[in-house]
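Novice: what would the 3D arrangement of this be:
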Amino acid sequence: MPPPSSSSSSSSSSLHPCKHSPSATLDLLILLLVLFSAAFLLSSYFSYLFHSLSLLSSHLSSQDLSSIPPASYLLAFAVFFAASIAFLDLCCGPRSRKCRNPKCKGLKKAMEFDLQIQTEDCVRSGSGGSNEIDRLPWKGGSEGNPDYECLRAELRRMAPVNGRAVLLFRSRCGCPVAKLQGWGPKRGRRHKK
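Specialist: Numbering: from 1, shown residues only. Just a heads-up that it's a prediction; the model follows:
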């Protein structure tokens with residue numbers, strides 16, 4: 001038997017371009033186990049539900065069912081369906097993502113932080129939400145927290161002259177919850193004589 005050549009090894013690697021990791025196989029096995037267990041639980045739940053309904057209907061069949069119109073069953077199902085849709089909307093819809101802020105947009109995948117560069121005019125006039133930024137608490141509890149000093153030094157380098165660079169930390173809905181700021185170099189205005 002001839003020894004395998006390099007061409008045969010390259011053709012075998014081209015047949016299997018994806019290398020499977022053991023963790024991917026384990027993840028697939030766990031997924032299959034979860035799906036089978038969910039199917040078992042749902043089938044046993046529905047069999048119990050149908051068995052209970054059959055017992056209830058056999059009990060009601062001994063009584064006079066002609067007094068209950070079939071439209072009432074459809075109405076009860078429609079009300080139950082609408083109530084469950086409303087419940088899911090409240091629990092999982094966009095309203096559930098909103099915080100206590102009245103201006104909250106309830107974003108689904110908001111950025112975790114935002115960097116704003118504000119010039120001297122922007123800070124002085126209060127435009128660009130600088131008043132809202134001033135009311136935010138400091139990240140780390142206080143301005144003098146040494147854990148964030150390196151980050152504040154970077155913000156100071158980015159800040160314009162007589163302006164500031166503000167790093168806003170945002171919650172999942174997109175609303176700012178904390179800030180770090182670095183003021184730029186201070187330069188006095190030259191007055192004409």
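Novice: mind checking what secondary structure the closest residue to D114 other than its chain neighbours has?
Specialist: Spatial nearest neighbour of D114, excluding adjacent residues (Cβ to Cβ, 6 or more residues apart in numbering): L168 at 4.5 Å. Backbone N, C-alpha and C define where each C-beta goes, glycine included. Assigned by DSSP: H, G, I helix; E, B strand; the rest coil, the conformation of L168 is strand.
Novice: helix or strand right after the longest helix along the chain?
Specialist: Criterion DSSP state H: the longest helix present in the chain is helix 22-61. Remark: after helix 22-61, the chain's next helix or strand is helix 70-92, criterion DSSP states H and E.
Novice: who are the packing partners of that next one?
Specialist: Contacts defined by 3 or more Cβ pairs under 8 Å, 6 or more residues apart in numbering; DSSP states H and E place helix 70-92 against no helix or strand at all.
Novice: list the buried residues of the helix or strand following that helix.
Specialist: Next along the chain after helix 70-92, taking DSSP H and E as the criterion, comes strand 113-118. Residues of strand 113-118 classed as buried by neighbour count (16 or more other Cβ atoms under 10 Å): 116, 118.
Novice: parallel or antiparallel, list what pairs with strand 113-118.
Specialist: strand 164-170 (antiparallel) (DSSP bridges).
Novice: tell me which residues touch the residue nearest to D114, please.
Specialist: Going by Cβ atoms under 8 Å, 6 or more residues apart in numbering, L168 touches 113-116, 133, 136, 176, 178-179.
Novice: beta-bridge partners for it, please?
Specialist: Residues in beta-bridge contact with L168 (DSSP bridges): D114, K179.
Novice: picking up where we left off before, any idea which of the contacts of L168 is the one closest to S58?
Specialist: Minimum separation from S58 among those (Cβ to Cβ) is found for P176, which lies at 61.7 Å.
Novice: could you find the closest non-adjacent residue to that closest one?
Specialist: According to Cβ to Cβ, 6+ apart, the nearest residue to P176 is L168 (4.4 Å).
Novice: give me the pLDDT value at the one you found.
Specialist: Note on L168: pLDDT of 87.
Novice: cool, L32 as well?
Specialist: The model's pLDDT for L32 equals 91.
Novice: ok, the one 5 residues further on next?
Specialist: Each residue has a pLDDT score; the one for S37 is 91.
Novice: ok, it to L107 distance?
Specialist: For S37, the distance to L107 equals 34 Å [Cβ to Cβ, to the nearest Å].
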